[in-house]
Structures are given as C-alpha cells and as structure tokens.
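Chemist: kindly generate the corresponding structure for this input.
(one chain, ligands or ions: 1)
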Amino acid sequence: MEILKGKTIVITGSGRGIGKSVALACAKEGANVCLTARTLDELNEVKDEIIKLGTKVRVLVKTADVTKYEEIESAFKAFYEDLGEFNGVIANAGYSRMWDSHDFDSNKFSEIININVSGVFFTFKAAFSYLKKDNKSDKARFIITGSAAFTNPMPRFAAYTASKYAVVGLQNSLALEYKKENINFNMILPTMVDTRMARGRKAGDGNKPPNVMNPQELNQYYIFLLSDDAYRTDNALIFINDFEEVKKFLSEAPPGKSESWDVFKDYLEENAPNIYSNVKKLGKLVDFIIKTS
Ligand SMILES: NC(=O)c1ccc[n+]([C@@H]2O[C@H](COP(=O)([O-])OP(=O)(O)OC[C@H]3O[C@@H](n4cnc5c(N)ncnc54)[C@H](OP(=O)(O)O)[C@@H]3O)[C@@H](O)[C@H]2O)c1
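Modeler: The predicted structure follows:
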C-alpha cells in the first residue's frame, strides 16, 4: 500500500542531499512531488530519477531562492495552479559554513541566517494559502529540517547553530498560532548526513565515516510525519540519534517485546531510561518504525 497516495508534497532544497532522498521516497509512496531549489539541472535530474521509478505520480520543478520571497511565492503559485492544494510542505533548504567566529565573514553570517531562518518563514508564508486546512482528520503538514546543532552546538558553526536554534522558536510560535487551521508543524533534527553540506564533493563516495548517516536513512521519519499515522503529532522535535538508538533496542529486544510501542515501552524504559524519556511522547513514530521496517 502506498502511504501517501494522491497527496501533494512540496520540498525545498530537493535538488540533492536530504531533500532529493525524501522527494524520491514520497514519490515511491504515491505522492505528487513539487521540487524547488536554485539549480535547475539538479532538480531535473531528480525529476528524471522519479520518472524512472515508473510510478504514475506527477513531478513539478521550479527554481526559487528561499531568501527571495517573490521567487518562492511564484514557484508555489505555479505548483498550486497545476496540482491544487498542498498536503505537506518540507522546508528543507539549508546552508552552512564553518569559520572562527571572530573572523566570520559578516555577509556569510547573514546569508546563513537568511537561508536557514527567513527561508523557512518565507516557505511557510508562501505556502499558507495553498496548505489544505479544511479537514481536521487530514491535517496539513509543515515539516522543517532542523539539526542536532539545536541542543548540541558546535564551535566554529556560530551562524548555523544560531539558525537551527531559531527555527525551533519559529516552529513553536507557528504551531500555537495555526492550531485552528489544522496545520501540524514538526521538525526532524539529524546529526551528520552524507550530503554536500557535510562532506562537500565527497558526498556519496562510499567512504563516509561510520557516524555519518546516508540521507535515505531519514526517509522513514519524513514519511511518518506526512502520513495519516501522524495526524495528532504536532510541534514535535524528532531527534534522529534517539530514534536510531530506539531501532537498536528494537532489534535486541526479546521476543514479545518489540511488536508495538505498548509492549516495547517498558523494556526501553528499563534498559535506556534517558532515551525512553526523550521519545515517550512519540510512540506513534515507534509504531510506524516497527510497521515499516
Ligand atoms: N548534512 C548534514 O549533516 C545535515 C545535518 C543536520 C541537518 N541538515 C539540514 O538538512 C537540510 C538539507 O541539507 P543537505 O545536507 O541535504 O545539504 P545539500 O546536499 O547541500 O542540499 C541543500 C539543498 O538546499 C538547497 N538550497 C541551498 N540554499 C538555497 C537557497 N538559498 N534557496 C533555495 N534552495 C537552497 C540546495 O540547492 P541550490 O544550492 O541549488 O539552491 C540543495 O538542494 C538543511 O536544512 C541542513 O541544515 C543537514
């Protein structure tokens, strides 16, 4: 069964990396996908890969810079005119540079904040009127790609760290403000992922360090947040490290302890109380992992 059959999902930063991987995963689950970033060639390559999957989904491509509101507005308008209302929007476009903070180029600092914070805000603002919000049982989803830099700041990443703290505040505020509009806001917070952002041109060369994840390993979390199973999940922060540990404990659990969150949670609490306490409000996601792994 296709989990997202017939839904329309918009993904920013979908020309490569995490956004590309999620776009392919959404298409495999039956969703029409709207791709946007600044580099047309990369977007068209993703479109070709999706078409080669042989699914019947529609794929739309529009270039836009998330820091330029008019560009994002016009791309989303074109998506809406072709495919109608959006079921989900993933604000994923992002950028980072590492520098000694006292030497950090001031324009680069602003650029990182503009892409990673204003870009998410512009994405929401441009999407709002097209986000499906008429049905309580089929809530629209706004998903932000955050970062584990929120709560685990890194030296020499001042701008990036500040930006990823800021989007948590942005999500908190939007989630409170748009409850009545039937929009759920949630965030995925990965650690290191094998993309150009983390490994430059070496991304995908097969030599990633073991602590670096493949972008495909994140797909399940995005699909969950877009699925019917997550219709009550709102204003959650999904720390990928915690859930990767949950997967480990699921695989090691004795028979009868890993069939559902209900039977697994006591085992997890006993063996990993900290992880249990971090994930206990997201039992639906654990059930989704059990169901789809
Ligand atoms: N890789 C990691 O280790 C890691 C860890 C935690 C969180 N994240 C987050 O994951 C998200 C995706 O990053 P990634 O790792 O997949 O990096 P990536 O491979 O460099 O992809 C970034 C995507 O964002 C787009 N983008 C960048 N600036 C943009 C702009 N101004 N307007 C529109 N699109 C723009 C890029 O396309 P164009 O350049 O063509 O515009 C590209 O499609 C980011 O929010 C990042 O902070 C990454």
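
Chemist: what about the residue nearest to residue 39 when sequence neighbours are not counted, which SS state?
Modeler: Among residues not flanking residue 39 along the chain, residue 15 sits closest, at 5.1 Å (C-beta to C-beta, 6 or more residues apart in numbering). C-beta: built from backbone N, CA, C; applies to glycine. Following DSSP: H, G, I helix; E, B strand; the rest coil, we place residue 15 in the coil state.

Chemist: so what secondary structure elements neighbour the host helix or strand of residue 174?
Modeler: Using DSSP states H and E, residue 174 sits in helix 158-177. Using 3 or more C-beta pairs under 8 Å, 6 or more residues apart in numbering; DSSP states H and E, the elements in contact with helix 158-177 are helix 106-113, helix 119-127, strand 140-145, strand 183-189.

Chemist: which of the residues in that helix are buried?
Modeler: 158-168, 170-171, 174-175 (16 or more other C-beta atoms under 10 Å).

Chemist: list the contacts of that helix.
Modeler: With C-beta atoms under 8 Å, 6 or more residues apart in numbering as the test, helix 158-177 has contacts from 96-97, 99, 101, 104, 108-109, 112-113, 115-117, 120-121, 124, 142, 144, 146-147, 149-150, 153-154, 183-187, 189, 234-235, 237.

Chemist: check the offset of that helix from the chain's centre.
Modeler: Relative to its chain's centre, helix 158-177 lies at 14 Å (C-alpha atoms, centre = their mean, to the nearest Å).

Chemist: and for stretch 51-63?
Modeler: Offset of stretch 51-63 from its chain centre (C-alpha atoms, centre = their mean): 19 Å.

Chemist: report the contact partners of the residue nearest the centre of the chain.
Modeler: In the chain, the centroid-proximal residue (C-alpha atoms, centre = their mean) is residue 145; its distance is 4.2 Å. Applying C-beta under 8 Å, 6+ apart, we find residue 145 in contact with 13, 18-19, 90-92, 94, 187-188, 190.

Chemist: what about whatever residue of the stretch 51-200 of the chain ends up closest to the ligand, helix or strand, and which?
Modeler: Of all residues in the stretch 51-200 of the chain, residue 94 sits closest to the ligand, at 2.2 Å by C-beta to the nearest ligand atom. In the assignment (DSSP H and E), residue 94 maps to no helix and no strand.

Chemist: how about the backbone phi and psi for the nearest residue to it once chain neighbours are set aside?
Modeler: Closest residue to residue 94 apart from its sequence neighbours, by C-beta to C-beta, 6+ apart: residue 116 at 5.2 Å. In terms of degrees, to the nearest 10, the main-chain angles of residue 116 are phi -80, psi -20.

Chemist: for residue 116, give me its contacts.
Modeler: Counting by C-beta under 8 Å, 6+ apart, residue 116 makes contact with 94-96, 160, 163-164, 166-167.

Chemist: gap between it and residue 109?
Modeler: For residue 116, the distance to residue 109 equals 11 Å [C-beta to C-beta, to the nearest Å].

Chemist: and for stretch 221-233, what's in contact with it?
Modeler: Taking contacts as C-beta under 8 Å, 6+ apart, the residues outside stretch 221-233 that touch it are 3-4, 7, 9, 22, 25-26, 29, 31, 87-88, 90, 137-139, 141, 143, 184, 186, 188, 238, 240, 243, 282, 284-285, 287-289, 292.

Chemist: the residue nearest to residue 39 and residue 37 touch, don't they?
Modeler: Yes - Residue 15 lies in contact with residue 37 (C-beta atoms under 8 Å); the separation is 3.8 Å.

Chemist: list the residues that contact both of these two?
Modeler: Common contacts of residue 15 and residue 37 (C-beta under 8 Å, 6+ apart): residue 43.

Chemist: and stretch 213-220, what's buried?
Modeler: The neighbour-count criterion (16+ other C-beta under 10 Å) identifies 213, 215, 218-220 as the buried residues of stretch 213-220.

Chemist: wait, residue 19 sits on residue 13?
Modeler: Yes - Residue 19 lies in contact with residue 13 (C-beta under 8 Å); the separation is 4.1 Å.

Chemist: for these two, list the residues in contact with both.
Modeler: Common neighbours of residue 19 and residue 13, using C-beta under 8 Å, 6+ apart, are 37, 92-93, 145.

Chemist: next SSE after whichever helix or strand residue 45 is part of?
Modeler: Element membership of residue 45, judged by DSSP H and E, is helix 40-52. Downstream of helix 40-52, the next assigned helix or strand under DSSP H and E is strand 59-63.

Chemist: strand partners of that next one, parallel vs antiparallel please.
Modeler: strand 32-37 (parallel) (DSSP bridges).
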